[in-house]
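>>> next input, structure requested:
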Amino acid sequence: MASFLNRFHQMFRENASRFATSGLLSAGFLAGFGAAADPAFAQGRLQARYEASLAGVVVGKGDWAIDISDDQYTASATGGSTGLLRMVSGGKGAGTAQGRMVNGQFAPATYVSTITTEKKSETIKLLMAGGSVKEFGIEPQPPVMPERLPVTDVHLRNVIDPMVGSMVRVPGAGETVTRDACRSSASVFDGRMRYDLKLDFKRMDQVKAEKGYNGPVVVCAIYFKPISGFVPDRASIKYLEAQRNMEVWLAPIAGTRVLVPFKLMVPTPFGTAALEATQFMSVAVPSKAASKTQ
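Residues are numbered from 1 along each chain as shown. As a prediction, this is how the structure comes out:
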């Protein structure tokens, strides 16, 4: 769970107007989402639209598009503040990620995230290979903060980018929307901070988007653990790390064994922060290998 979760967290721990990038999506909804992925449909696409709210008031909207094929994937997100929040401190963002699929696993290659507010614009870029960050940078370069825990070379190994961190791949060949999806953890580097996200099963539930998906989801608890690149005394970091009531509701991308957030809930001192899909449309696509044999 990641840029998607990370940027959503940032909206409340730094500046609500920074809602936008991350893991955020016309195809048609394909029934049979819970069955084992048919080899002839080893690919899938998702287009989803989300609303972010605080204490029941909508403060942002965003779109997330994901395209997963036999050997590669792409994902892009856009979003921005809305309503009264936009009048007070407008902000918008965009993010992209791409890489290869290797034995059904994500192998990140590039990640770019740009967040723009009335005061500044910031772009983060990651170049990855073999599960490690090879290059990264923030433009413009932020001021040095001596109190920030340094990110070492060790922290840049065996990690994924925030966008991929928002996607949960369920191993095996059975149903995907099960408690097994919550047996997951992610080591994430977002260009500034290295952190871990761990999921634990809470319950099964049902959702119905205004357009698209209507079916079961698996609800997981989220636990956040900062590793490096953060200021230890910062109250917002301590608050997130101490939380035991954060939840993510995972729904499937048709034709794949990948689940992504349909809904996210994070308690804050100002009320519950929520991110929920209003549209969630996915479709299975015939694989390249299957197409050649037909």
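
>>> where along the stretch 1-150 of the chain do the strands fall?
Under the criterion DSSP state E, counting those that start in this stretch, the stretch 1-150 of the chain contains strands at 43-54, 57-68, 72-81, 91-102, 105-117, 121-129, 132-139.

>>> the third one: how far from the chain's middle?
Between the mean C-alpha location of strand 72-81 and the chain-wide mean there is a distance of 9 Å, by Cα atoms, centre = their mean, to the nearest Å.

>>> just checking, what packs against it?
strand 57-68, strand 91-102 (3 or more Cβ pairs under 8 Å, 6 or more residues apart in numbering; DSSP states H and E). In short, each C-beta sits where N, CA and C put it, glycine included.

>>> wait, which of these is closest to residue 216?
strand 57-68 (19.6 Å; Cβ to Cβ).

>>> mind checking how far that closest one is from the chain centre?
Averaging C-alpha positions (Cα atoms, centre = their mean) puts strand 57-68 10 Å from its chain's average.

>>> then stretch 253-263?
In terms of Cα atoms, centre = their mean, the centre of stretch 253-263 is found 11 Å from the chain centre.

>>> go on, stretch 162-178?
12 Å.

>>> what's the end-to-end length of it?
In stretch 162-178, first residue to last residue: 23 Å (Cα to Cα, to the nearest Å).

>>> right, and residue 259 touches residue 253 too?
Yes. With contact defined as Cβ atoms under 8 Å, residue 259 reaches residue 253; the gap is 7.3 Å.

>>> wait, isn't residue 67 in contact with residue 74?
Yes. At 4.9 Å, residue 67 counts as touching residue 74 under the criterion of Cβ under 8 Å.

>>> would you mark the buried spots in stretch 165-177?
Neighbour-count burial for stretch 165-177, with 16 or more other Cβ atoms under 10 Å as criterion, is recorded at 165, 166, 167, 168, 169, 170, 175, 176, 177.

>>> tell me which two of the residues you listed sit farthest apart.
165 and 175 (23.0 Å).

>>> need the mean per-residue confidence for stretch 109-127.
For stretch 109-127, mean pLDDT rounds to 92.

>>> buried residues, stretch 153-163. List them.
Within stretch 153-163, the residues that count as buried by 16+ other Cβ under 10 Å are 155, 156, 159, 160, 161, 162, 163.

>>> now for the spatially closest residue to residue 139 that is not a sequence neighbour: which residues touch it?
With Cβ to Cβ, 6 or more residues apart in numbering as the measure, residue 123 is the residue that lies nearest to residue 139, at 4.8 Å, once sequence neighbours are left out. With contacts defined as Cβ atoms under 8 Å, 6 or more residues apart in numbering, residue 123 is in contact with 112, 113, 114, 138, 139.

>>> do the same with residue 244
For residue 244, the contacting residues are 221, 223, taking Cβ under 8 Å, 6+ apart as the criterion.

>>> in three-state terms, label it for me.
Here residue 244 takes the coil state, with states given by DSSP: H, G, I helix; E, B strand; the rest coil.

>>> residue 223 versus that one, what's the distance?
If you measure residue 244 against residue 223 using Cβ to Cβ, to the nearest Å, the figure is 8 Å.
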